[in-house]
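Visitor: Structure of the sequence below:
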Amino acid sequence: MAVKIGISLIAWQNDDLPDLTAAYTTEGAMEDAARIGYAGVERGRRMPADTEGLRAYLDRYGVALCGGWCSGNLMVASLAEEKAAIRQQVEQFAALNAPCIVYAECSNTIQGDIARPVSQRPKLTRAEVMAYAAKLSELAKWSADQGCVLSYHHHMGAMVQDADDVDRLMEGSDPALTLLYDTGHLHFAGADPLAVLDKWGDRVHHVHFKDVRQPVLDWVRAEDRSFLDGVAAGVYSVPGDPEGCIDFQAITNRLAAMDYAGWIVVEAEQDPAKASPFAYSKIGFDHIVDICGRSGLQIQA
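Guide: So this is what the prediction gives:
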């Protein structure tokens, strides 16, 4: 089995904290990603909106579309309304052979509010998450029928954040709903990334690799700060950064054991004044190549 290595351009183009990356362009980010060796990029807001324009844009840099964020509103919208809202993205991603849409519920999230501590994130009961999961299953089935897999992104500051939330969402949903497995968000949430992978590996369709600087995470918790405060302070980094605390070799070994054959995407939002996007993205790429080799995971260009 083979994996592909992709990247989110968030290190160069941070949509939540645009002032951090104001000096960087999407074109420069694309050039850097391709030069490092990434096979794909996740869709960014500053890329062409139309399908053929986006196809030509990706082709110009020799990279594939390896997913992209979708802000969901299914908690407050009807199934028909949500289908209409995301239809264009679903059809576009299917046409461009993207592995999935990265879907996350954003109707009640606080992840983008720098004034609200992450401790104030919405918390639903088991019954509420299970009911949402059943509704989301229908959206996932519909999306799959259109040719695009829906992968749910657990996220800090959101209603599906920690291991218990993931358990409830997966238990209450149809296998048509797959899981985006994000190492950094799980660790930030206090979960054991390996335990989550062991439990829900059969539902994992897409993987985000990001590391965590534990002292910064400790500060976020001690000072009751927001998710974006943590990002600006450097809570996240790339795999291979010696300041990180996640054992990516163990995770890659587990992915190899379960015959994972999807994308591994580096997604590590940082302040570029403190962490050069090119330099750190290359560290992440090189580290993944190394640990995949040690795990016996082949890499497809």
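Visitor: Can you check my assumption that residue 173 lies in a strand?
Guide: No: under DSSP: H, G, I helix; E, B strand; the rest coil, residue 173 falls outside any strand and is assigned coil.
Visitor: would you list every one of the helices in this protein?
Guide: Here the chain has its helices, by DSSP state H, at 26-36, 51-61, 79-95, 126-145, 163-171, 183-188, 193-200, 214-223, 227-233, 248-257, 277-295.
Visitor: ok, and the closest non-adjacent residue to the residue positioned nearest the centre of the chain?
Guide: Nearest to the geometric centre of the chain sits residue 208, at 5.0 Å (CA atoms, centre = their mean). Closest residue in space to residue 208, ignoring its immediate chain neighbours: residue 182 at 4.1 Å, by CB to CB, 6 or more residues apart in numbering. All C-beta atoms are positioned from the backbone trio N, CA, C, and that covers glycine.
Visitor: quick one, what contacts that neighbour?
Guide: 153-155, 207-208, 210, 267 (CB atoms under 8 Å, 6 or more residues apart in numbering).
Visitor: want to try TSV for those residues, with pLDDT and distance to residue 35 as columns?
Guide: Below are these laid out as TSV (pLDDT from 0 to 100; distance: CB to CB, whole Å):
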residue	pLDDT	distance to residue 35
153	98	27
154	98	32
155	98	30
207	98	23
208	98	22
210	98	21
267	95	19
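Visitor: Kindly indicate the member of these with the most neighbours.
Guide: residue 210 (29 neighbours; other CB atoms under 10 Å).
Visitor: Pretty sure that residue sits against residue 237.
Guide: Yes: counting by CB atoms under 8 Å, residue 210 touches residue 237, with 7.3 Å between them.
Visitor: Run through the bridge partners of the residue nearest to the centre of the chain.
Guide: According to DSSP bridges, the partner residues bridging residue 208 are residue 182, residue 265.
Visitor: intersection of neighbour lists for residue 210 and residue 237?
Guide: What both residue 210 and residue 237 touch, as defined by CB under 8 Å, 6+ apart, is the set residue 268.
Visitor: for the chain, what's the longest strand?
Guide: Counting by DSSP state E, the longest strand found in the chain is strand 64-72.
Visitor: Go through that strand and flag the buried ones.
Guide: 64-70, 72 (16 or more other CB atoms under 10 Å).
Visitor: Quickly run through the sheet partners of it, with directions.
Guide: strand 40-43 (parallel), strand 101-105 (parallel).
Visitor: between those, which gets nearest to residue 295?
Guide: Among these, the nearest to residue 295 by CB to CB is strand 40-43 (20.3 Å).
Visitor: Contacts for that closest one, please.
Guide: Contacts of strand 40-43 (CB under 8 Å, 6+ apart): 4-9, 30, 33, 54, 58, 63-69, 93, 98, 102, 263, 265, 267.
Visitor: ok, now with 6 Å
Guide: With CB atoms under 6 Å, 6 or more residues apart in numbering as the test, strand 40-43 has contacts from 6-9, 33, 63-64, 66-68.
Visitor: measure residue 34 to residue 74 for me?
Guide: Residue 34 sits 35 Å away from residue 74, taking CB to CB, to the nearest Å as the criterion.
Visitor: And residue 235, by the same measure?
Guide: From residue 235 over to residue 74 (counting by CB to CB), the distance is 28 Å.
Visitor: ditto for residue 213
Guide: For residue 213, the distance to residue 74 - CB to CB - is 33 Å.
Visitor: How about residue 56?
Guide: In terms of CB to CB, residue 56 sits 32 Å off from residue 74.
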